[in-house]
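# output the structure for:
(one chain, ligands or ions: 1)
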Amino acid sequence: MFKRVALIVLVAALALTGVVVVAQDTPPVAVGEITQRIMDRGELLCGVNTGLAGFAALNDAGEYEGFDVDFCRAVAAAILGDANAVSYRPLQAGERQAAIQSGEIDMMSRNTTRTLSRDAVWGATFAPVTFYDGQGLMVRTDTGITQIEELEGASICVQSGTTTELNLADAFSQRGLSYEPQVFADAAATWEGYLSGRCDAFTTDKSGLAAYRATSEDPGAHTILEITLSKEPLAPLTPQSDAQFADIVAWTIYGLIQAEEFGITSENVDSFLTSDVPEIQRFLGAGDNAAGSYYGIANDFMVTVIRQVGNYGEIFTRHLGPDTPFGLERGLNALWTDGGLMYAPPFR
Ligand SMILES: N[C@@H](CCC(=O)N[C@@H](CS)C(=O)NCC(=O)O)C(=O)O
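Residues are numbered from 1 along each chain as shown. Next up, the predicted model:
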């Protein structure tokens, strides 16, 4: 009996000592191979869409801009202290696997759905989901079509190398509907195929449909059907060879979500630096709280990320919110405290 009590006391004491040592004095961290490469290069190589308005598209200054782009910027701010230290690699859907496997990019942030087979076959580590999406169908408004059943026998434009090709087949066969796929390797060609009347409908993620519709000549001429055919959790990804780098990407994304929950924005972050709330001090790496130092990056990395890029809500609103041509609802992408799925684990 005495031995058991002594053992419990000893284990508790060790556990306590361990916590104190880790929290106050993090040992030097060996950064991963990819993190080191980024530091040596002074630049992050980030794979993005070839052009999807709101998510990743060239602006008037010839720079990539958008919701997906901001996660590249956030990781560059976390590791290099500079959100502009990113070189972008535009990737067609079918180029993604090779890009992540070849080491041509450090990470990808490109409306990419996390799936079992991609996780395994691409040799990728998916970061937390940045946009919960689902596949939709778009038709010309003058067809009057509102239900998928009315697309019996229709030809449908879809891009190869995407999850949307297989989902389309599933959705139609499950309902006993026939259809004729018109498959294109190139996004622009898929859209042109639909616009030119070669297809009766166009299918991709609903976010993608909203982007194409809003930037078309006459948005009212296109209708996105109510139905959602699949789950498309879109997430950035990194090569699975560097778990340390993958962790940095993951905690940067969680940090953006947590910042929104705390109400910390690019505008007010400085006023939080002197906060006496322990949770916020830990989050910002203030005082002697370890944060980024666990990963060999600036201890207050989240201060830099928020200052330069904003929190998750700011990113969403800036690129996709009510003042943009897309006007997307937060929906599943609201914070968990507002009934959505955006939830960050504790920074401690
Ligand atoms: N989320 C789906 C679809 C992503 C996707 O690639 N969608 C097309 C929509 S047309 C796209 O963005 N294409 C742009 C390109 O290939 O450059 C996936 O991960 O496979």
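# the nearest residue to Asp323 once chain neighbours are set aside and Asp70, how far apart?
In space, and not counting its chain neighbours, Asp323 is closest to Thr317: 7.6 Å by C-beta to C-beta, 6 or more residues apart in numbering. To be clear about C-beta, it is placed using only N, CA and C from the backbone, and glycine gets the same treatment. Counting by C-beta to C-beta, to the nearest Å, the separation of Thr317 from Asp70 is 11 Å.
# also Gly54?
11 Å.
# state the helix or strand in which Ile34 lies.
Using DSSP states H and E, Ile34 sits within helix 33-41.
# who does the host helix or strand of the residue nearest to Asp323 touch, helix- and strand-wise?
For Thr317, the element it lies in under DSSP H and E is helix 312-320. On a contact count with 3 or more C-beta pairs under 8 Å, 6 or more residues apart in numbering; DSSP states H and E, helix 312-320 meets helix 67-80, helix 243-262.
# who's more crowded, Gly54 and Asp70?
Between Gly54 and Asp70, Asp70 has the larger neighbour count (other C-beta atoms under 10 Å), namely 27 against 24.
# so what's the nearest residue to that one once chain neighbours are set aside up against?
Distances taken as C-beta to C-beta, 6+ apart place Ile315 nearest to Asp70, at 4.6 Å, with adjacent residues excluded. Contacts were defined as C-beta atoms under 8 Å, 6 or more residues apart in numbering; by that measure Ile315 touches Phe67, Asp70, Phe71, Leu256, Val309.
# between the helices and strands packed on helix 312-320, which gets nearest to the ligand?
helix 67-80 (9.9 Å; C-beta to the nearest ligand atom).
# so the closest one versus helix 33-41, what angle?
Interaxial angle, helix 67-80 versus helix 33-41 (axes from the mean of the first three to the mean of the last three C-alpha atoms, to 10 degrees): 80 degrees.
# quick one: list the elements packing against helix 67-80.
By 3+ C-beta pairs under 8 Å, 6+ apart, helix 67-80 packs against helix 33-41, strand 44-49, strand 86-91, helix 243-262, helix 301-309, helix 312-320.
# can I get these in JSON lines with distance to the ligand and mean pLDDT?
Listed next are the helices and strands packed on helix 67-80 as JSON lines, based on distance: least, C-beta to the nearest ligand atom, whole Å; pLDDT from 0 to 100:
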{"stretch": "helix 33-41", "distance to the ligand": "22", "mean pLDDT": "98"}
{"stretch": "strand 44-49", "distance to the ligand": "5", "mean pLDDT": "98"}
{"stretch": "strand 86-91", "distance to the ligand": "7", "mean pLDDT": "98"}
{"stretch": "helix 243-262", "distance to the ligand": "17", "mean pLDDT": "98"}
{"stretch": "helix 301-309", "distance to the ligand": "22", "mean pLDDT": "98"}
{"stretch": "helix 312-320", "distance to the ligand": "15", "mean pLDDT": "98"}
